[in-house]
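>>> pasting the structure only:
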């Protein structure tokens, strides 16, 4: 695998054709030569597919070409698409128990616990999810269980006021699990459909904070045994393969039900989704694609694949 990786500007499919496979006849007439393989690997690595996924994709293309299954550029695109679709399907459907576009079934409220490292956009993601749930007819309560970061309470409270949702917070240094407990109790008293729990950023090496997160999870799990409960890991999609490390780290402490990729750019970081799903077998739930409350897309594998492999003029 060659060269210094450059951050691409064009779409993934256009880069594959223009840079890696300038002539699809290289596949039709005899498969991928060494130079074409290296160029294709570089394109896929630039898009953050990671080494393992990149090798799997290249091998799949070589096998298809050797049996005569690739005769046109369209065949090449469909071969790639089919292999990527298999990876996404292997993660299975969302595990949270209900759609985040409608009020939950069961003995509510439903709970979404947002976790992740510092600076990935958990609080903004909580606000975006709240806006989405409201648009689906749900009543939302935002809970600020980050009692350590200066300004965390005020930031989420400001979002709650802007969105006109209920809010529960805690005093600086308070037990975050107690805040989460109080939030669910308040949601029941106020007949809220959903509780969104924002937590402090933490690293896997911070044992005390990770134990605290496990405690929050345990408290919430006991309170919502018959209602939807999702543990969503929020990651910064622009951080490339660091996303993989974060996913592994949090996955060892929590039974994650889904991923939220904030700051997602399908042109530059298309492979991040595939890499994380393949590693954890956890579905991607949402993509953050902008700064406003409306800029949160529910993840659709078909739409995602159509976008990253779309032919460009």
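Cool, the structure landed. Small disclaimer: the values here were computed from a predicted structure and weren't measured. Numbers count the residues shown, from 1 in each chain.
>>> the longest strand belonging to the chain pairs with which strands?
Longest strand in the chain by number of residues (criterion: DSSP state E): strand 229-236. Sheet pairing for strand 229-236, assigned by DSSP bridges, gives strand 110-115 (parallel), strand 258-262 (parallel).
>>> can you list contacts of that strand?
If you take CB atoms under 8 Å, 6 or more residues apart in numbering as the criterion, strand 229-236 is touched by 94-97, 100, 110-116, 119-122, 125, 217, 220-221, 242-243, 246-247, 250-251, 254-263, 276, 282, 285-286. All C-beta spots, glycine's among them, are computed from the backbone N, C-alpha and C.
>>> repeat that for 7 Å
Under the criterion CB atoms under 7 Å, 6 or more residues apart in numbering, residues 96, 110-116, 120-122, 125, 217, 220-221, 243, 246-247, 250, 254-263, 285 lie in contact with strand 229-236.
>>> tell me what angle the very next helix or strand once past that strand forms with strand 110-115.
Later in the chain than strand 229-236, the nearest helix or strand by DSSP states H and E is helix 242-253. Interaxial angle, helix 242-253 versus strand 110-115 (axes from the mean of the first three to the mean of the last three CA atoms, to 10 degrees): 120 degrees.
>>> assign a three-state SS to residue 215, would you?
Residue 215 falls in the helix class when you classify it by DSSP: H, G, I helix; E, B strand; the rest coil.
>>> quick one, what contacts it?
Applying CB under 7 Å, 6+ apart, the residues near residue 215 are residue 177.
>>> where in the chain is the helix or strand with the lowest mean pLDDT?
Least confident element among the helices and strands of the chain, by mean pLDDT, DSSP states H and E: helix 25-30 (a mean of 54).
>>> immediately after that one, which helix or strand?
helix 34-46.
>>> how far does that next one sit from its chain's centre?
26 Å (CA atoms, centre = their mean, to the nearest Å).
>>> repeat for stretch 170-184
Using CA atoms, centre = their mean, the offset of stretch 170-184 from its chain centre is 26 Å.
>>> going forward, begin numbering at 34 instead of 1
In the new count, where the first residue is 34, that last one comes out as stretch 203-217.
>>> who's in contact with it?
So stretch 203-217 is contacted by 142, 144, 174, 176-178, 180, 201-202, 228, 230, 232-233, 245, 248-249, 252-253, 256-257 (CB under 7 Å, 6+ apart).
>>> now stretch 274-283
81, 83, 148-150, 237, 266, 268, 270, 289, 305, 308-309, 312-313.
>>> average pLDDT for it?
Across stretch 274-283, pLDDT averages out at 83.
>>> so which of the contacts of stretch 274-283 are in helices?
Among these, the residues falling in helices (DSSP state H) are 83, 305, 308, 309, 312, 313.
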